[in-house]
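Chemist: Output the structure for:
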Amino acid sequence: MKLAEGHGIELESGHWIISSGWSNPTPWHTHREEPEDKIEKRIRKIIDSVPSLERCIFNLHPRHTN
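Modeler: Okay, the predicted model is just below:
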């Protein structure tokens, strides 16, 4: 088992998975919350770690606020 948080992991099928458990701000003020612009930067950095998005699975936590 590999921790997929924060970087891409290649699966045996040749697919990749990227994961992030960070969230935009919530009423609970948990330790893994940050503004959407910072989440976007975090996710873009993870996306840059995979060779192709065509075979990529996204496991992301943030909710859309617009």
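
Chemist: how much space between the residue nearest to S20 when sequence neighbours are not counted and K2?
Modeler: Nearest non-adjacent residue to S20, counting by Cβ to Cβ, 6 or more residues apart in numbering: L60, 5.4 Å away. Glycine gets a C-beta too; all of them are placed from N, C-alpha and C. Plainly put, L60 is 18 Å away from K2 if you go by Cβ to Cβ, to the nearest Å.

Chemist: So which of these two has more stuff around it?
Modeler: Shown here are L60 and K2; by other Cβ atoms under 10 Å, L60 has more neighbours (15 against 9).

Chemist: follow-up on the earlier one: tell me the contacts of the residue nearest to S20?
Modeler: For L60, the contacting residues are I18, S19, S20, I43, by Cβ atoms under 8 Å, 6 or more residues apart in numbering.

Chemist: ok, now with 10 Å
Modeler: Going by Cβ atoms under 10 Å, 6 or more residues apart in numbering, L60 touches I18, S19, S20, G21, W22, S23, I39, R42, I43, I46.

Chemist: how about those in CSV, adding secondary structure, distance to T30 and pLDDT?
Modeler: Shown next, in CSV, are the contacts of L60 (DSSP: H, G, I helix; E, B strand; the rest coil; distance: Cβ to Cβ, whole Å; pLDDT from 0 to 100):
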residue, secondary structure, distance to T30, pLDDT
I18, strand, 21, 94
S19, strand, 17, 92
S20, strand, 14, 92
G21, coil, 10, 90
W22, coil, 10, 91
S23, strand, 7, 90
I39, helix, 14, 92
R42, helix, 16, 92
I43, helix, 18, 93
I46, helix, 20, 93
